[in-house]
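Chemist: Got a sequence here, can you build the structure:
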Amino acid sequence: MNKKTILDPKAFLLDKPNELISLDKWQKTVNLLAKVFHAPAGFLVQYTPDGFQVTIASQQSSNPYAAGIIIEPEANIFCRRIVETGEPLYVANAPIDPCWDTNPEVHNDGFTSYLGVPVFWPDGTPFGTFCVMDYDQTEYEPSYLELIEQLKDILESDLTLIDLYGRMQQLAITDPLSEINNRRGFEVLGKQRISLAKRNQAKLGLCYLDVDNFKQINDQFGHKVGDELIQHIGVVLKATVRQSDVIGRIGGDEFVALVLLENKNDQTVIKQRLQKGFLSARHSPNLPDYSVSIGIIDVDLNTDFVELLDKADQEMLKNKKPV
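Modeler: All right, here's what the predicted structure looks like:
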């Protein structure tokens with residue numbers, strides 16, 4: 001089974017938002033950077049072949065650049081120098097250095113000082129820069145460079161954790177019949193997803209699904225039809241949840257989904273989407289009519305994973321149709 005990677009290094013994050021990334025947390029980090037340095041502008045800038053995009057801009061009236069602005073890749077800007085060299089850059093007084101004569105940040109926007117460090121993707125390729133800019137000449141001590149390095153580590157650690165999550169999705173931990181995660185795969189990825197949710201203060205829900213009277217379907221129509229039904233449920237789950245959600249087949253006719261909850265009615269919406277997908281089987285001449293019992297609970301991020309599964313199972317049993 002082919003799976004897409006979680007993040008595309010060649011695409012701007014703002015163009016393809018991913019709920020695994022807490023832009024709000026990144027915003028607070030950039031705001032803190034500008035505050036600590038008493039700088040009028042602070043940025044997290046992403047680089048792709050299409051140019052340099054301001055992913056996060058410090059929220060100050062003195063900052064001329066807003067998030068989303070893209071600067072062409074050939075522009076003689078400070079961030080370009082960092083991406084090309086992979087090294088930190090400190091320019092205390094840019095107007096006196098001829099190499100910055102064509103820098104629009106200096107001669108159009110009036111910036112004089114720049115301090116920035118490279119941010120890398122987990123594979124070591126450039127993500128972009130983390131930087132502060134000042135309209136006045138500065139005299140930062142070495143401890144300031146150490147501080148900005150520590151703050152950018154927060155951003156890189158998020159990218160690393162998300163990359164690990166994506167790599168785990170590529171492992172051979174799938175159920176060959178439904179082509180979704182098997183029990184081991186679901187537990188590994190589910191725990192990783194919960195870890196991300198803790199960091200990003202996200203809310204998750206756990207769905208537990210069970211095919212009603214599955215044994216009778218096998219007995220009446222044969223195991224080939226039963227297998228096709230399992231495959232169909234896998235297709236429905238993959239089409240219903242987000243790419244960053246975690247789904248799995250943990251038993252013969254038992255399935256689970258760890259999903260992001262963003263609104264109060266998301267539990268109802270998710271159950272409705274699933275049931276709508278299951279009804280599509282009625283249009284298949286190979287599948288008999290069937291129903292699926294669904295239980296969904298809010299995930300306590302500090303509860304043991306096995307206990308969460310048991311709670312979701314119990315919730316599903318409340319809706320289970322009798323044999």
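Chemist: where does this protein have low pLDDT?
Modeler: Scanning the chain for pLDDT under 70 picks out 1-6, 169-172, 281-283, 321-323.
Chemist: biggest helix in it by residues?
Modeler: Ranked by residue count under DSSP state H, the longest helix found in the chain is helix 142-170.
Chemist: Give me the packing partners of the next helix or strand after it, helices and strands only.
Modeler: Once the chain leaves helix 142-170, the next helix or strand it forms, by DSSP states H and E, is helix 183-200. Packing contacts for helix 183-200, counted by 3 or more Cβ pairs under 8 Å, 6 or more residues apart in numbering; DSSP states H and E, involve helix 142-170, strand 203-211, strand 246-249, strand 254-261, helix 305-318. (Each C-beta comes from the backbone N, C-alpha and C, glycine too.)
Chemist: now with 6 Å?
Modeler: helix 142-170, strand 246-249 (3 or more Cβ pairs under 6 Å, 6 or more residues apart in numbering; DSSP states H and E).
Chemist: ok so, going back, quick one: buried residues of the longest helix of the chain?
Modeler: Across helix 142-170, burial judged by 16 or more other Cβ atoms under 10 Å covers 144, 148, 151-152, 155-156, 158-159, 161-163, 165-166, 168-169.
Chemist: helix or strand for Arg81, which one?
Modeler: helix 78-85.
Chemist: Just checking: what are the partner strands of the following helix or strand past that helix?
Modeler: Next in sequence after helix 78-85, counting helices and strands by DSSP H and E, comes strand 89-91. Strand partners for strand 89-91, identified by DSSP bridges, are recorded as strand 113-120 (antiparallel).
Chemist: Now do the partner strand against helix 78-85, angle only.
Modeler: Angle, strand 113-120 to helix 78-85, by axes from the mean of the first three to the mean of the last three Cα atoms, to 10 degrees: 40 degrees.
Chemist: what separates strand 113-120 from the chain centre, distance-wise?
Modeler: The chain centroid and the centroid of strand 113-120 are separated by 24 Å, computed with Cα atoms, centre = their mean, to the nearest Å.
Chemist: hang on, the earlier thing: contacting residues around the helix holding Arg81?
Modeler: Contact with helix 78-85 is made by 45, 47, 52, 89, 114, 116, 118, 126, 129, as judged by Cβ atoms under 6 Å, 6 or more residues apart in numbering.
Chemist: Can you add neighbour count and distance to Thr303 and give these back as TSV?
Modeler: Shown next, in TSV, are these (neighbours: other Cβ atoms under 10 Å; distance: Cβ to Cβ, whole Å):
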residue	neighbour count	distance to Thr303
Val45	28	39
Tyr47	24	40
Phe52	24	43
Leu89	17	46
Tyr114	27	47
Gly116	25	42
Pro118	23	39
Pro126	19	39
Thr129	26	39
